[in-house]
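Colleague: Here is a sequence together with a model predicted from it:
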Amino acid sequence: MNDKYKYSKFLESLFRIQDFIPSRARRKYFDRVRTLLIQQDKAVFARNKKHVSASWRKEKNKKTKPSVASVMDIEDST
């Protein structure tokens, strides 16, 4: 679903429920709030993606690195 559409629908429903926000303020700040929500959503998604990718690489590197103990055991057994 398009982010702009998704957040527009969210804000419309929020503004309909809330009575204390004046209609002039709603119209004035609607686009700005929607833009900020989209930016925050993208930042959180990127951070989570980076975190998952970094932890995956860390696990991959742990599995592929030979340990000193295993190298010593191989040399001792020969």
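Modeller: That came through, no problem.

Colleague: Quick one: residues contacting residue 29.
Modeller: By Cβ atoms under 8 Å, 6 or more residues apart in numbering, the contact list for residue 29 is empty. For every residue, glycine as well, the C-beta is placed using N, CA and C.

Colleague: again with residue 34
Modeller: 4, 7-8, 11 are the contacts of residue 34 under Cβ under 8 Å, 6+ apart.

Colleague: In PyMOL, select just the buried ones from the residues you listed.
Modeller: Those of those that count as buried under 16 or more other Cβ atoms under 10 Å are selected in PyMOL with:
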select buried, resi 7+11
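
Colleague: Skipping adjacent residues, who's closest to residue 37 in space?
Modeller: residue 7 (4.8 Å; Cβ to Cβ, 6 or more residues apart in numbering).

Colleague: and the one you found, which of the three is it?
Modeller: helix (DSSP: H, G, I helix; E, B strand; the rest coil).

Colleague: which non-adjacent residue is nearest residue 26?
Modeller: Residue 26 sits nearest to residue 15 (Cβ to Cβ, 6+ apart), 5.0 Å away.

Colleague: isn't the one you found right up against residue 21?
Modeller: Yes. Using Cβ atoms under 8 Å, residue 15 is in contact with residue 21, at 6.2 Å.

Colleague: which of these two has more neighbours?
Modeller: Just comparing residue 15 and residue 21: by other Cβ atoms under 10 Å the higher neighbour count belongs to residue 15, 17 against 12.

Colleague: what's the helix or strand for the residue nearest to residue 26?
Modeller: Taking DSSP states H and E as the criterion, residue 15 maps to helix 3-17.

Colleague: and what of residue 46?
Modeller: Assigned by DSSP H and E, residue 46 falls in helix 23-64.

Colleague: Give me the phi and psi for residue 19.
Modeller: Backbone torsions for residue 19, taken as degrees, to the nearest 10, come to phi -100, psi -20.

Colleague: residue contacts, it?
Modeller: Residue 19 touches nothing, counting by Cβ under 8 Å, 6+ apart.
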